[in-house]
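**Student:** let me see the structure of the following:
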Amino acid sequence: MDAAARLIDLVLHVDRHLLAFVGSQGHRVYALLLAIIIVETGLVVMPFLPGAPRPLVVGAPCGVGLLNLPLTMWHS
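**Tutor:** As a prediction, this is how the structure comes out:
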């Protein structure tokens, strides 16, 4: 039951968990963002990954100052 409660908490408070993840990982987030873009566009194996939510998800940490906006725009 604990796993179900954690999953519900993750879904309901994704903004808090996303900001905590970005704050704890630092510059690794940029490498993760670049890897997601390469997998989305370069590999034919993964053509089903949606690209539209990425700017919305990455914009939140940029808005609170956890990510550098120009560097993030360069990756996207």
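**Student:** after the longest helix seen in the chain, next one along is what?
**Tutor:** The longest helix of the chain (DSSP state H) is helix 28-42. For helix 28-42, the succeeding helix or strand toward the C-terminus, using DSSP states H and E, is helix 53-63.
**Student:** now that next one: buried residues?
**Tutor:** 54, 58, 61, 62 (16 or more other CB atoms under 10 Å). Placement of C-beta: from N, CA and C, glycine included.
**Student:** before we move on, what about stretch 26-35?
**Tutor:** For stretch 26-35, by 16+ other CB under 10 Å, it's 29, 30, 33.
**Student:** measure residue 36 to residue 63 for me?
**Tutor:** 19 Å (CB to CB, to the nearest Å).
**Student:** swap in residue 74?
**Tutor:** 17 Å.
**Student:** next: residue 29.
**Tutor:** Taken as CB to CB, the span from residue 29 to residue 63 is 14 Å.
**Student:** pLDDT score assigned to residue 23?
**Tutor:** pLDDT for residue 23: 85.
**Student:** brilliant, that's me finished.
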